[in-house]
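In: Any chance you can model this:
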Amino acid sequence: MPRHIFYLPLIVLLFSSFLIGCNPASPSPEPAIVAHTFTNSEAFILNPERGFFTPFKLPNFADFSEIRVTGNTLVYLTIRLDDYRESDIPEKMLNGLQTNFNEVREAGVKAIIRFAYNQGPYPESQPDASKSQILKHIEQLTPLLQENSYVIAWLEAGFIGAWGEWHTSTNGLDNLADKQEILNAVLAAIPNRYVQVRYPINIIEMYPNPADAAKAFVAHHNDCFLSSDTDVGTYESHGVNTMEGDQKYLAELTRFTPISGETCAPNPPRSECTASNYPKDSRAHLWDNHTVRARVTQRSIDVGKAVSSMAQERGLTASQLSLLWTKDQSGITAPIIGPRTLAHLEDALGIISMKLDDADRPLFDKLVHPGTAVADFHNSNDWMKARIFE
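Out: Numbering: from 1, shown residues only. Here you go, the predicted model:
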């Protein structure tokens, strides 16, 4: 009897606590309704996870602050580990990469990343690293990648072979087992970020069902887009699969995953744009002329339309506004107008006494950032071509 009396207060306390816990919570007031009105806009809206990228090589000086001005929202970071093929990555380099990631964030862009031990070439590539050293480097890089995952769009599998492109390994890593182990390590280093593999056949061998590759966050990058009938071995790699089979697999995989890459050589007519892509009645549209069509890029078309719109707002022609901007640049004594007709000359002479408004100058710089161009060469003669290098 005394023992039951001793426990009674505790039982009462627990029961009363249960009753209190079961009482419905007092209703909180509904938040006030807020109305937002969105107006139509034809402005370019920059998406930080798609579009064109600007390449950089690290470790090196890299300024990301002006990337968005060019219309790009991605930076492609090739992180070279040549000096550490047989040693750990030093803390100083890891700290430097963290600084780079901080600057990527401040610039409002995202990064595509590839780690590599060389700059090729093919077929006599410079060395890559052993599998054990690669796995050690991935282990070292894991905290850095996870800490900065919010500014990483995706990774390329990298590490193996020439350019980190998964071929021509000097350490015997051109086999599926080693590639799978290294890929799994990269996937584990940065969960929930896609890792792109260079060759479709490798993805197919690892994940016969494209849905399984997508679930594993495995995607594809093509580094020789349109550069040959098989994109320089991207498809039908080593004769293992057909181009049709590779592309059918990728068509399903890329429904759910990002695809990116670059081209590595011109391959006309496959690498050319057709005349149907250009404005109707333009010279590029009317003439079957490779030189003219190569000089008219989509970027130049977009900039031309924007300048025409700006000129119309100011009561000028597009050529007048362009000449006005050129004339008033620091260090320019006189623009070269090159008129073909009297009307062209009269149009150009109309801006002699005009001056570009200071408020307009940043608008031009935003359209075409200083130091960049809208096409990669400016004249049809080979000896006068001005190539743009990063």
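
In: Can you name the helix or strand that Gly181 falls in?
Out: No, residue 181 isn't Gly; it's Glu. Element membership for Glu181 (DSSP states H and E) is helix 176-189.

In: So which elements touch that helix?
Out: helix 131-147, strand 195-197, helix 200-206 (3 or more CB pairs under 8 Å, 6 or more residues apart in numbering; DSSP states H and E). Glycine gets a C-beta too; all of them are placed from N, C-alpha and C.

In: Give me the next element, helix or strand, following the longest one.
Out: Scanning forward in sequence from helix 131-147, with DSSP H and E defining helices and strands, the next element found is strand 152-156.

In: strands paired with that following strand, and their directions?
Out: Looking at strand 152-156 with DSSP bridges, its partner strands are strand 110-116 (parallel), strand 195-197 (parallel).

In: one step back: quick one: which of the helices and strands packed on helix 176-189 is nearest Gln329?
Out: In terms of CB to CB, the element of those nearest to Gln329 is strand 195-197, at 41.5 Å.

In: Dump the strands paired with strand 152-156 into CSV; add distance to Glu49 and mean pLDDT as well.
Out: Formatted as CSV, these follow (distance: least, CB to CB, whole Å; pLDDT from 0 to 100):
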stretch, distance to Glu49, mean pLDDT
strand 110-116, 6, 97
strand 195-197, 13, 98
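
In: Kindly present the ones you listed as CSV, with separate columns for distance to Ala177.
Out: Listed next are the strands paired with strand 152-156 as CSV, based on distance: least, CB to CB, whole Å:
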stretch, distance to Ala177
strand 110-116, 20
strand 195-197, 15
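
In: Dump these to TSV, plus distance to Leu155 and mean neighbour count.
Out: Shown next, in TSV, are the strands paired with strand 152-156 (distance: least, CB to CB, whole Å; neighbours: other CB atoms under 10 Å):
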stretch	distance to Leu155	mean neighbour count
strand 110-116	5	23
strand 195-197	5	23
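
In: Looking at those strands, which is nearest to Thr257?
Out: Thr257 lies closest to strand 195-197 among the strands paired with strand 152-156, at 8.2 Å (CB to CB).

In: And the closest one, how far out from the chain middle?
Out: Distance, stretch centre to chain centre, for strand 195-197: 14 Å (CA atoms, centre = their mean, to the nearest Å).

In: Where do the helices of the stretch 251-390 of the chain begin and end?
Out: Applying DSSP state H, counting those that start in this stretch to the stretch 251-390 of the chain gives helices spanning 283-286, 290-295, 298-313, 318-327, 342-349, 361-367.

In: For this protein, which helix or strand comes out least confident on mean pLDDT?
Out: The weakest-scoring helix or strand in the chain, judged by mean pLDDT, DSSP states H and E, is helix 2-22 (a mean of 42).

In: Could you identify the helix or strand that succeeds that one?
Out: Sequence-wise, the next helix or strand downstream of helix 2-22 (DSSP H and E) is strand 53-58.

In: and the angle for that next one with strand 152-156?
Out: Strand 53-58 runs at 70 degrees relative to strand 152-156, counting by axes from the mean of the first three to the mean of the last three CA atoms, to 10 degrees.

In: ok, the nearest residue to Lys327 once chain neighbours are set aside - contacts?
Out: Excluding the flanking residues, the one nearest Lys327 by CB to CB, 6 or more residues apart in numbering is Pro335, at 5.2 Å. Residues near Pro335 by CB atoms under 8 Å, 6 or more residues apart in numbering: 323, 326-327.

In: Can you tell me which of these is closest to Pro208?
Out: Using CB to CB, these come closest to Pro208 at Thr326, 58.2 Å.

In: element containing Val104?
Out: helix 91-107.

In: for stretch 326-344, how far is the first residue from the last?
Out: Criterion CA to CA, to the nearest Å; first-to-last residue distance in stretch 326-344 is 16 Å.

In: That stretch - what's its average pLDDT?
Out: For stretch 326-344, mean pLDDT is 76.

In: cool, and stretch 225-241?
Out: 87.

In: How far does that stretch stretch from one end to the other?
Out: Stretch 225-241 stretches 18 Å from its first residue to its last (CA to CA).

In: do the same with stretch 234-247
Out: 10 Å.

In: Which parts of that stretch count as buried, going by neighbours?
Out: Residues of stretch 234-247 classed as buried: 234-237, 241, 246 (neighbour count, 16 or more other CB atoms under 10 Å).

In: same question, stretch 127-137
Out: Those would be 128-131, 133-137, for stretch 127-137 by 16+ other CB under 10 Å.

In: Touching it from outside, list them.
Out: Identification of contacts with stretch 127-137 by CB under 8 Å, 6+ apart yields 81, 84-86, 88-89, 115-118, 159-162, 164, 169-171, 173, 178, 181-182, 185.

In: can you give me the mean pLDDT across the helix holding Glu181?
Out: On average, helix 176-189 scores 98.

In: returning to what we had before: out of the buried residues of stretch 127-137, give me the two with the largest separation.
Out: Of all pairs drawn from the buried residues of stretch 127-137, the widest gap by CB to CB lies between Asp128 and Lys136 and measures 13.8 Å.
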